[in-house]
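mind looking at a prediction? Sequence and model below.
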Protein chains: 2
Amino acid sequence: MSHLTIAEVYQKARELIQKLNQLEEKKNQALKELAETEIEVRGWVKSVRFQSKIFIALNDGSCLQNLQIVCSLSLLEKAKSANFGSCLTAKGKLELTSERAQICELQAKEIIVSPVASGYPLQKNKIPLDVVRNYPHLRAKTNYFLVLFRLRHSISKAIHDFFHQERFYYISTPIITSNDTEGAGETFNVTTNEIQSTAGDQKEPFFSKPAKLTVSGQLQAEALAQGLGKVYTFSPCFRAEKSHTARHLAEFWMVEPEMAFTNLVEIIDLAEKMVKYVINFVLDNNNAELKFLENYDKENKKEIISKLKNIATNYFKRINYTQAIEILKVSQENFVFNDIKWGMDLQSEHEKYLCNHFDKPVFITNYPMDLKAFYMKNNLDGKTIDCFDLLFPEVGELIGGSMREDNYNILREKAQKTKLDTNNLSWYFDLRKYGYAPSGGFGLGLERLLMFLTDTKNIRDVVPFPRYPQHLEC
Amino acid sequence: MSHLTIAEVYQKARELIQKLNQLEEKKNQALKELAETEIEVRGWVKSVRFQSKIFIALNDGSCLQNLQIVCSLSLLEKAKSANFGSCLTAKGKLELTSERAQICELQAKEIIVSPVASGYPLQKNKIPLDVVRNYPHLRAKTNYFLVLFRLRHSISKAIHDFFHQERFYYISTPIITSNDTEGAGETFNVTTNEIQSTAGDQKEPFFSKPAKLTVSGQLQAEALAQGLGKVYTFSPCFRAEKSHTARHLAEFWMVEPEMAFTNLVEIIDLAEKMVKYVINFVLDNNNAELKFLENYDKENKKEIISKLKNIATNYFKRINYTQAIEILKVSQENFVFNDIKWGMDLQSEHEKYLCNHFDKPVFITNYPMDLKAFYMKNNLDGKTIDCFDLLFPEVGELIGGSMREDNYNILREKAQKTKLDTNNLSWYFDLRKYGYAPSGGFGLGLERLLMFLTDTKNIRDVVPFPRYPQHLEC
């Protein structure tokens, strides 16, 4: 402790008082400014309570939290026409209420209300999701879907930021295509009305060959990676599967990075890093939304935040297919599909078991040759493929990736064994001839990731306007 | 100048010498580190020169600049198999050559070459764009297209960053739709093979009504803005127009922001701010690419950077349609379409004249009612629309936007006058009933913006795999 002269003591005290006065002045100035500044807010009415004053909860979509609008009874007549969903403009002064969770409220001097028409199918009380699903154009007027759509935004932003930071180029692969990447045959056709017409000039179809909606941008991404080095697509994809499960959509969004000069370990590292980046982005930016989801069902509260933190901070498990089969064999689990043997396709019950077994996401590599797509690279053992799936707790396969077959002849042979029209793929085979760098990448379904991050059971809820068999609303 | 004691002078000198020694030590250490560290690079060979040593220009897609690989003649045999496009791995030490534009080169100890097959359609010399266009899967192997695709990446990133910063939510509007926003009838149909089939279970079409590819995400974006407040789509759109101009594609990408609680001035402000943000992003991040484009045609050097800087730093002009007509009337210009009168649609020659007249981008507002889409808001004058187009020098219309008609009855009437199937739009009309906040937005074609920023004359060059009549390659 240093010794001070009395003069110094007085000096110090004088300085402190001056400082305190300045702070007091600043504080008074801030409060005065607040008391003098009139602001205007606009939003949709979430609730109205009539007491000694009128309390209106207002939301404008900018955040989850409502702003409380406080009106004196002189505004009663106007406030009476405010019902759930009304558009309301309020002018007045902001008042701090720092002791409460909502740190401020608006003391309204004036309100303008545009009431909703009768027959509004949504109401103030919590609306069962089944009901809201019937009104896709109104879903964004409910908190639950607002939260899901905000998280969808965050995840998309995080994905773009991640790949930009990793120096990948964002590319546009075509939606209308003549190629069927997977050869599963479940594609949508694209036609114009002129095809049916036989009149003079118009009888020629728009495209010179059958056009389909893309199932994956991968093949085209590979072409671009052979010049740009590291690229990714983030784009709609389509499957005309007539499946009515809670995990399938006819239209969904896929993220597909592709790298030249790479190997499988690098691709797996990238996938793990990307998933963790997205999770951390959401944890940093969407705490309010995640908490809302945790508490949405009061009787079945969920653990989302701690689950995500756990995944973001631990290494994912990496095993090969053969090891996975060995684990399943000795598991003593009562599987429905219980004929566990090398060569079989893993069922979702097996995938779940493996995630539970390790209590974390699991990469499984080197699947048997017959289970995987033609473009994946054969391993030297003549039995397996240089590929991986990333299995996630609850959702199962989240990501699938591989090195691409670089041998022109093997690739052609493998393609010919599928139902693909290989004539339309000659450009793809040709890539192997003209300066082909070892290439690989993966595909991630945005909606699957969103389901996991939000603990949503039905994939139709994480996309604003879902498309599935017989459903084409809005 | 302060007076020093001699002791202080010596002290200062000693300190300086110590500092210089430390710096010298650091410098030596850095050079030693460089001389000891072996690095490996991988890329495609752009050129090979055999002199007293062998000089190979290598590019891996990560930037425009090649890295010079220097090999001694002991590597001659290997280097001989390196031709244009070969994949090459080089190991060696980096050497600074700070006096040259390329500040370093690699002294190779070892190279591994995978030569390209014969018949490679691209060659080392500058390849005419007409030739490259015939090989869409190989375009990313030429500098010109690498530059365009890198700029495409930057613009996309800038757009996402801009809207995130402005607190817009990125939303997915559907690609497969039953709605035709514009009513122009030039849509693609989406079908499945099952439609034609008459066999038992399979004869039911996939969707319960005719499905098309979207021409715009706007109507759905409006639905989401009525809850999320500020949203934007960035998504593929489709037009089945059989037009063979250099400005049209069957598949292109559109950016469509939509805001609730807004007015036309705010929308125009947003459009101007967005364009300037994108231009500044490109100026900050893509100097090398822009310079490449300026000098691509040695005989017709272009002024791109100064043009962009000029646009980014000046206000855009804002006039209304009536003023535009007055200017054209008194212009004395020899227009092909020279019957200038109120009510006519502006031709591209008129748009160009107006941009030249003001020597900057021009917003034109309040077009006549008959010229614009049904969803745009009528002005009170009964003649004009609360809308705008943004005209850009060279490219013409870059952005179109409007406030949306908020009156349920007027909107329905206007829609019924078009060829639209209004049954499929009842959900859209309904938005006006249940808490409709004044809403508006605009649409920007990504490829048009890219054409302007890169001074590209053919829209087919700014998209990796262009789709237009009779063209569905790759």
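On my side now, so go ahead.

number of residues surrounding residue A:386?
By other CB atoms under 10 Å in any protein chain shown, 23 other residues sit near residue A:386. The C-beta positions use only the backbone N, C-alpha and C, and glycine is treated the same way.

that one and residue A:402 touch, don't they?
Yes. Here residue A:386 reaches residue A:402: they are 6.1 Å apart, a contact under CB atoms under 8 Å.

common neighbours of the two, please.
A:264, A:376-377, A:440 (CB atoms under 8 Å, 6 or more residues apart in numbering or on different chains).

that's a strand at residue A:95, yeah?
Yes. Looking at residue A:95 with DSSP: H, G, I helix; E, B strand; the rest coil, it is inside a strand.

correct me, but it touches residue A:103?
No. If you go by CB under 8 Å, residue A:95 and residue A:103 don't touch, sitting 10.1 Å apart.

residue A:13: how many residues sit nearby?
Considering only other CB under 10 Å, residue A:13 is surrounded by 10 other residues.

check which helix or strand covers residue A:311.
helix A:305-313 (DSSP states H and E).

which SS class is residue A:441?
Residue A:441 - assigned by three-state DSSP - is strand.

give the contact list for the closest residue to it other than its chain neighbours.
Nearest non-adjacent residue to residue A:441, counting by CB to CB, 6 or more residues apart in numbering or on different chains: residue A:258, 3.6 Å away. Counting by CB under 8 Å, 6+ apart, residue A:258 makes contact with A:218, A:221-222, A:224-225, A:230-232, A:439-441.

among these, name the ones in helices.
Those of the contacts of residue A:258 mapping onto helices are A:218, A:221-222, A:224-225, per DSSP state H.

among these, which are in reach of chain B?
Counting by CB under 8 Å from any CB of the partner chain, A:224-225 from the ones in helices among the contacts of residue A:258 sit close to chain B.

for the residue nearest to residue A:473 when sequence neighbours are not counted, which residues are in contact?
In space, and not counting its chain neighbours, residue A:473 is closest to residue A:136: 5.1 Å by CB to CB, 6+ apart. Applying CB under 8 Å, 6+ apart to residue A:136 gives the contacts A:464-466, A:473-474, B:223, B:427.

mind putting these into CSV with distance to residue A:8, neighbour count and secondary structure?
Shown next, in CSV, are the contacts of residue A:136 (distance: CB to CB, whole Å; neighbours: other CB atoms under 10 Å in any protein chain shown; DSSP: H, G, I helix; E, B strand; the rest coil):
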residue, distance to residue A:8, neighbour count, secondary structure
A:464, 68, 26, coil
A:465, 73, 24, coil
A:466, 74, 22, coil
A:473, 78, 18, coil
A:474, 75, 22, coil
B:223, 70, 28, helix
B:427, 77, 17, helix
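
between those, which is closest to residue B:392?
Closest approach to residue B:392 among the contacts of residue A:136 (CB to CB): residue B:223, at 30.0 Å.

give me phi/psi at the residue nearest to residue A:441?
Backbone torsions for residue A:258, taken as degrees, to the nearest 10, come to phi -140, psi 130.

please apply the same query to the one 5 residues further on.
Backbone torsions for residue A:263, taken as degrees, to the nearest 10, come to phi -150, psi 170.

residue A:252 now?
phi -150, psi 170.

got it, and residue A:19?
phi -60, psi -50.

how much space between it and chain B?
From residue A:19 over to chain B the distance is 33 Å, taken as CB to the nearest CB, to the nearest Å.

got it, and residue A:393?
Residue A:393 is 25 Å from chain B, by CB to the nearest CB.

OK, contacts around the closest residue to that residue other than its chain neighbours?
Counting by CB to CB, 6+ apart, the nearest residue to residue A:393 once its immediate chain neighbours are dropped is residue A:355, at 4.4 Å. Residue A:355 makes contact with A:361-362, A:391-394, according to CB under 8 Å, 6+ apart.

of these - the most surrounded one?
residue A:391 (27 neighbours).

check which helix or strand covers that residue.
Assigned by DSSP H and E, residue A:391 falls in strand A:387-392.

which secondary structure elements does that strand contact?
helix A:264-285, helix A:348-358, strand A:362-365, strand A:396-403 (3 or more CB pairs under 8 Å, 6 or more residues apart in numbering or on different chains; DSSP states H and E).

how about TSV for these, with distance to residue B:188 added?
Listed next are those as TSV, based on distance: least, CB to CB, whole Å:
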stretch	distance to residue B:188
helix A:264-285	33
helix A:348-358	35
strand A:362-365	39
strand A:396-403	29
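
can you redo the ones you listed as CSV with mean pLDDT?
As requested, those are arranged in CSV below (pLDDT from 0 to 100):
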stretch, mean pLDDT
helix A:264-285, 98
helix A:348-358, 94
strand A:362-365, 98
strand A:396-403, 96
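
so, low pLDDT: which residues of the stretch 101-250 of chain A?
A:181-185, A:194-203 (pLDDT under 70).

show me the helices in it, by range?
A:129-133, A:143-165, A:218-228 (DSSP state H, counting those that start in this stretch).

the longest strand along chain A pairs with which strands?
Counting by DSSP state E, the longest strand found in chain A is strand A:38-50. Sheet pairing for strand A:38-50, assigned by DSSP bridges, gives strand A:54-59 (antiparallel), strand A:87-96 (antiparallel).

extract the CA atoms of the shortest one and return them as CSV.
Meaning strand A:54-59. Only the C-alpha atoms of strand A:54-59 are listed here, as CSV (Å, rounded to 0.1, in the frame of the first residue of the first chain):
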residue,chain,number,x,y,z
ILE,A,54,-54.6,-1.6,-21.0
PHE,A,55,-51.7,-3.9,-21.7
ILE,A,56,-51.0,-5.0,-25.2
ALA,A,57,-48.3,-7.5,-26.2
LEU,A,58,-46.9,-6.5,-29.6
ASN,A,59,-44.6,-8.5,-31.9
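
which residues touch that strand?
In contact with strand A:54-59 (CB under 8 Å, 6+ apart) are residues A:41, A:43-49, A:65-73, A:75-76, A:79, A:82, A:88, A:90, A:111.

what's the first helix or strand after that strand?
That would be, after strand A:54-59 and using DSSP H and E, strand A:67-71.

pLDDT on the next helix or strand after that following strand, on average?
Using DSSP H and E, the helix or strand that follows strand A:67-71 in sequence is helix A:76-80. For helix A:76-80, the mean per-residue pLDDT is 94.

helix A:76-80 near chain B at all?
No. Contact between helix A:76-80 and chain B is absent, the nearest approach being 15.9 Å (criterion: CB under 8 Å from any CB).

quick check: closest non-adjacent residue to residue A:411.
residue A:405 (4.4 Å).

could you check how far that neighbour is from residue A:387?
11 Å (CB to CB, to the nearest Å).
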